[in-house]
Structure formats: C-alpha cells, structure tokens
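> Need a 3D model of the sequence below.
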Amino acid sequence: MRRKIATGTRGWLVGIAAAVLLAPAAGQESWRFATDSRVVAFADVHGAYDSLVELLQAANVVDTELHWSAGAAHAVSLGDLVDRGAGTRAVLDLVMRLQREAAAAGGQLHVVLGNHELMTLLGDWRYVSPSDYESFAADEPETMRAAAYAALTAIGGASTPTRAQFDSAYPRGYFARQAAFAPDGRYGAWLLSLPALVVVNDAVYVHGGLPALVAQHGLALNERVRTTLARYLALREELVARGVLPAFDRGRDTDAAGSAAPSAERDEFLALDAAPELGVEGPLWYRGSVYCKPMLEQPILDAALDRLGVARAVVGHTPTGDRRARSLYDGKLIMLDTGMLAAEYGGRPAALVSDGRELAVRYAAPPASAAPDNGRTVAYGRTDAELRAALQRGGVVSVQRAGGSDPWEVVLRDGDEALNATFRPEGVDGAADAELAAAALDALLGTTLVAPTVARTIDGLDGALQLRYPGVVTERERVEQRLTFGAWCPLEPQLELMRAFDVLILNRGRTADTVLFGNDRTDVTLVGHGRAFAPETALPAGVRDLPIPAALREALRALDEPRLVAALGAWLDARQIRALLARRDGIVGSSRRSRAD
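Presented below is the predicted three-dimensional model:
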C-alpha cells in the first residue's frame, strides 16, 4: 500500500451518525423491496463514466439530459463504482443525483458496497488513477498541502521527504480526495450509508457473492458490515491520537498495532482488522461461488438463498472470462461483471433487466440484447463443454512427440485462438484409456477435478487429448518457488475431493507434477491418471475414515453398473467397473463427514 497522510477528521463521528440515519432500520426485513416495475442492474463501473452513461441510456434509465427517466423502476449498482478509471468522481456525482431523482419519481436506485468502496474508506488507494486525483485538484488549496507537508516533516528522521518527493508521492488533489472520502466527507458519509446486499423481488444483489455468513445472518449482515467498518475507523483515529498507529502510513496499521503494547482498543482494532464480514469470507470480496468447485459451493449458495427467501443472486466483482453475463447453478447465480472499463478489462457495459417475466442482458457498445449465457468459464474464456468441443474440432497446428510414456505436446487452433494440449496415444499400458475414463467419471460425479479430456486421433494414432490450462502452477513449482496458496477457495475440501477420487479410481500415479493450481493458485485441477483403474476391490492400506463432502457421498451412492458402463464402458472392462463399485462401497461405508459439509 502506498504511504498515506491523514488530514483532520474533526466531527467525522457526526458524519457516521448522519449516514446511519439515512439508512433503513436494521433487521431481517430491511433492505428488502418489491416492485411491479422493471429492475435494472449493472456492475463494476470502475470510473468508466462514458460507458455508464451509454449503458443507462440504452437501458432507458436516463434521458438525453442524464436525468432519471425510468419512473417507478428499480435500478441496482453492484458496487465498485470507484478506482482504476478516470471518472470516479463524475460517476459518484451522477449516481448520487440519480438516487434522489429516482426516489422523487417513485422508483429507487440501490447501491451496494463493493470491495473497492471498502478499500477507499480504509485508505487503500493502490488503484486510484492520476485523473481521479486531478478531479479533486481544484478543491485542494495550497494551504492544505503545506499543512500536510509540515505535519510529515515534523516527525523528522532520515525518511523525511523533500518537497519534490512529497509532491510526487502525494499528487495534487490527493488531500482533497482524502477529505471527500473521510467518514464526514461528501462521498465517505454516503458510502458508509450503503448496504452490502439488497433484495428486490426474488433476487439478491451483492458485489462479491454469498458466503456462509449470509446464511448465518441474512440481511442483518448489512448492519454487521456497517458497524464493524464504523468502529474500525473510529478506533483507528483513537489509536493515531495515542501514537499507537502512524498518522501518515495506513499501510503499516496491522504491523504497528501488532507490535504495540496490548490494550482493549488495540486488541479490538486487530480483531476488527480480521473481521470476516470485511474480508474474503465477506459479501464484498467473496469469490467462492464463481471460482470454486460447484460441488463444494452449491450447498453454501443454496443455504444463503434459502435464508433470504430468493431464487437467485446477481453478483459483480469477478469479470467473466468471455466478458458476457453468465448464468451458473441452473440460474441461481448471475455473473454481471463484463469488464465495463474497457481499457482495463477489454469488456463492454451490460445491464441485467428483469420485467417479472424474463431476464435479459442489455449490452452497449455495440447495443445488443440476449439471455445470460450458461456455465462458468474455466480457461480461454470458455466453459468445460466448450473446451471439450474445441479439443475435438480444433485444427492441429503442431505436434511435438515425446519419448517413452511421456505425453506429446500439441497446439490446436480453434477459431482465432491457439490452445495448448497434451496427447497420449493408445498403447499397451492403457494410460490413454485411463485418462479418458477419469475425465468421464469426473463429469459423472460432478467433482470438476479433471482437466477437459477427449478421445481424438493425432498423427494417425488414437488416444487421449487433454487441455493444458494457461497460467497454472504445479504443486512441485509451488513448493520450489515458495508460492503461497490463494485465498478464494479453501484448499482442504478440494484435497478431500482429490483423495476420495484417487482412492475411488485407485490412482497410483499422483505426484506433485499432476496437481495444478489455477485462479490465483486457489482452484485444484488434476492430470495424470494413466496408472488408475486397476481391477482391485480392496481400498489401499491405511485408508480409513475418509472425509468426503455430503454431495460427493450422494453422487457415489447414485453410481451403479449400468450408469458406469454407459459412461466409462468404452475405456474400462467389466472387471474394472465392478472393482470401482466395490471401492465405492468401501469409501461410502468408511467415510466421515467432511469439514465442508
């Protein structure tokens, strides 16, 4: 985090009190709305003012003069109005004005907090653009900058910057922006009044996703987020006044508090710094529903939807791989972040429009309307099904044969895109058949562990063609490079899936090179099943009390010989299939509930 200088915040506690008074009263029915009119949602503007205007006009939310023209309709911003783009201030001014105009017209414009609004309030300004600072320059008199520089130099020491260094580190407009986003500032007070999630008709709208906290607290989670954030900011000011925290560098808050003498305020501050409602397990940051294994995430999503009494969730935060709105979990979750800030994400504006009868996505630049696309993209901006189709039909660009039992390296071209893959020719070792059977069983169970794999002929030889994911690291590379795991998807439940799957197929070939991590080293993918499916009925020695998620237990129980023959019979014989079923019986009989249940 870049160094920050805190300006005066006299009276900001009054600002928080005013912000809370502007919000509905806390409770399970707060932030729940019903309307017979249209509902128009948009996500992740990130300062893309012109694109937002184009989208709102295309969706008939504003007129040519940029005034509310949607009557009694409800519009919903899914957060991340700020950061990255040049027009953060213009976006906020427009949205705040339209919020008032909508209410006067009998409609509503709801805005939920995004993680970038949270970062802005907490002083994490890594993604503020130079143009964003410039938009506040006229509000920053030289006396404000001089006072900030004098406060910094008063500390003394070898790290005291020259005035030139100060001006470079804190561009003109910095301190006026900081004042505007302070808890008593024009934008800061408004942000502190916003909820984390709202329900309109049969849908919940939230920036990141629906973690387990939503099933636990329902809409009361809004009040937990607000009070946690307000208390954190109040404690920080108190600890700065006591000299516990640095007034000029918010990036060192946790370290400074951790090394300070214990006190009730210091201990509470550290606890709030790790509060789950403000972290990756909170609704502003959560990516589990879109990044992690559906078998593990579906129960979490279903529990949250049941608690809220809604049919689906609409989320932003995570740009879709193909920059089109996507429907997951049979329509229970809509991903709406299509990368509106084109310079950063290469996408275009999109709004989800519900009229009570159907859902449609209204795109701008160029204009188009369509239903949300189905399925999550996992690589190359494509779903598993699309990747398997590409492996089947893609033209072979190059083949690099390997010696021995090593797979060949293959490059395919499908449309305008090159895809990397590996190929195992059929042979006496049965590795190609085992890879194909593992992929088919993975699809049958719904574990989404195995990389997309298809039967194909390459250079006149039949075999198994398997996708090579871009941007993944193997477990061996992770250890050698001392890389940490990502935080989005809990690792242990995925490893439980992997262990159960390997025991089921009796895979003796699992190595550190065949466990891959994608999506910021958070999602486990498996390759290397060539030594699996031996016709042995007993579980490996030492396998006992295997933890497996409830969803996998049910999927295992649903297996029978006819289903397995239909799905795997092209690659496994009757002995192998019956042995697999015998191992299934052993796993289900000796398994215990997973921590993911």
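
> okay, CA-based contacts and neighbour counts for the rest of this
Fine.

> Report the residue ranges of every domain in this protein.
Annotated domains of the chain cover 12-374, 379-597 [automatic domain parsing].

> In the stretch 201-350 of the chain, what residue spans correspond to helices?
212-217, 221-241, 253-259, 264-273, 288-291, 294-308, 342-345 (DSSP state H, counting those that start in this stretch).

> what would these look like in TSV with mean pLDDT, mean neighbour count and distance to residue 196?
Listed next are these as TSV, based on pLDDT from 0 to 100; neighbours: other Cα atoms under 10 Å; distance: least, Cα to Cα, whole Å:
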stretch	mean pLDDT	mean neighbour count	distance to residue 196
helix 212-217	98	18	10
helix 221-241	93	19	5
helix 253-259	87	15	24
helix 264-273	93	16	17
helix 288-291	94	24	17
helix 294-308	97	20	14
helix 342-345	96	12	24
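
> Of all those helices, which one is nearest residue 376?
Among the helices of the stretch 201-350 of the chain, helix 288-291 comes nearest to residue 376, with 7.1 Å by Cα to Cα.

> Just the buried residues of stretch 534-546, please?
534, 535, 536, 537, 539, 546 (16 or more other Cα atoms under 10 Å).

> Just those residues: which are in strands?
Using DSSP state E, no member of these falls in strands.

> nearest to residue 282, of those?
Among the buried residues of stretch 534-546, and counting by Cα to Cα, the member closest to residue 282 is residue 546, at 29.9 Å.

> Phi, psi for the closest one please.
phi -70, psi 120 (degrees, to the nearest 10).

> Looks like it contacts residue 587 (just checking).
Yes: if you go by Cα atoms under 8 Å, residue 546 and residue 587 touch, sitting 6.9 Å apart.

> what touches both of these two?
residue 500 (Cα atoms under 8 Å, 6 or more residues apart in numbering).

> who are the neighbours in contact with residue 539?
Contacts of residue 539 by Cα under 8 Å, 6+ apart are 503, 506, 583, 586, 587.

> Restricted to helices, list these.
503, 583, 586, 587 (DSSP state H).

> give me the number of residues near residue 180?
Neighbourhood size, residue 180 [other Cα atoms under 10 Å]: 17.

> what's stretch 439-446 in contact with?
By Cα under 8 Å, 6+ apart, stretch 439-446 touches 294-295, 448-453, 552, 555-556, 567-568.

> Which of the contacts of residue 539 sits closest to residue 377?
Out of the contacts of residue 539, the member with the shortest distance to residue 377 (by Cα to Cα) is residue 503, at 28.4 Å.

> can you tell me which strand in the chain is longest?
strand 417-425.

> Where does pLDDT dip in the stretch 401-550 of the chain?
Applying pLDDT under 70 to the stretch 401-550 of the chain flags no residue at all.

> Quick one: the helices in it, in order.
431-445, 475-480, 491-505, 550-557.

> Which stretch among the ones you listed approaches residue 344 most closely?
Nearest of the helices of the stretch 401-550 of the chain (Cα to Cα): helix 475-480, 28.2 Å.

> So which other helices or strands are in contact with the closest one?
Packing contacts for helix 475-480, counted by 3 or more Cα pairs under 8 Å, 6 or more residues apart in numbering; DSSP states H and E, involve strand 515-518.

> mind listing what the strand it packs on pairs with, with the direction of each?
Strand 515-518 has its sheet partners listed here by DSSP bridges as strand 473-474 (antiparallel), strand 523-526 (antiparallel).

> And those: which comes nearest residue 107?
Closest among those, using Cα to Cα: strand 523-526, at 41.3 Å.

> what does that closest one rub up against?
In contact with strand 523-526 (Cα under 8 Å, 6+ apart) are residues 291-293, 448-451, 489, 491, 494-495, 514-518.

> name the element residue 392 belongs to?
Assigned by DSSP states H and E, residue 392 belongs to helix 384-393.

> Residue 166 too?
For residue 166, the element it lies in under DSSP H and E is helix 163-169.

> One more: residue 360?
Counting by DSSP H and E, residue 360 is part of strand 359-363.

> Buried ones in that strand, by neighbour count?
Under the neighbour-count criterion of 16+ other Cα under 10 Å, strand 359-363 has 360, 361, 362, 363 buried.

> if I look at the second one, how far off is residue 355?
It stands for residue 361. Going from residue 361 to residue 355 by Cα to Cα, to the nearest Å gives 12 Å.

> got it, and residue 454?
41 Å.

> Tell me which of those two has more neighbours.
Ranked by neighbour count (other Cα under 10 Å), residue 454 and residue 355 place residue 454 first, with 24 against 14.

> In this structure that one contacts residue 392, no?
Yes: look at residue 454 against residue 392 with Cα under 8 Å: they come within range, at 6.8 Å.

> Pull the number of nearby residues for the nearest residue to residue 161 once chain neighbours are set aside.
If the residues on either side of it in the chain are set aside, residue 161 comes closest to residue 153, at 7.4 Å by Cα to Cα, 6 or more residues apart in numbering. Residue 153 has 16 neighbouring residues, counting by other Cα under 10 Å.

> tell me the pLDDT at residue 153?
With respect to pLDDT, residue 153 scores 81.

> again with the one 5 residues further on
Taken from the predicted model, the pLDDT recorded for residue 158 is 66.

> quick one, strands of the stretch 101-250 of the chain?
Listed in chain order, the strands found in the stretch 101-250 of the chain under DSSP state E, counting those that start in this stretch are 108-111, 197-200, 203-206.

> Quick one: low-confidence residue ranges for the stretch 251-400 of the chain.
251.

> gap between residue 121 and residue 82?
According to Cα to Cα, residue 121 stands 11 Å off from residue 82.

> Apologies, that question was intended for residue 72.
27 Å.

> Which of these two has more residues huddled nearby?
residue 82 (28 against 18).

> Would you check that that one makes contact with residue 45?
Yes: taking Cα under 8 Å as the definition, residue 82 is a contact partner of residue 45 at 7.2 Å.

> a markdown table please, covering the buried residues of stretch 534-546 and showing distance to residue 422.
Formatted as a markdown table, these follow (distance: Cα to Cα, whole Å):
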| residue | distance to residue 422 |
| --- | --- |
| 534 | 23 |
| 535 | 26 |
| 536 | 28 |
| 537 | 31 |
| 539 | 30 |
| 546 | 32 |
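
> Contacts only, for the residue most central in space within the chain.
The structure's the chain has its C-alpha centroid closest to residue 287; by Cα atoms, centre = their mean the separation is 2.9 Å. Residues near residue 287 by Cα under 8 Å, 6+ apart: 208, 209, 280, 317, 318, 488, 489.

> for stretch 573-581, which positions count as buried?
Those would be 576, 577, 578, 579, 580, 581, for stretch 573-581 by 16+ other Cα under 10 Å.
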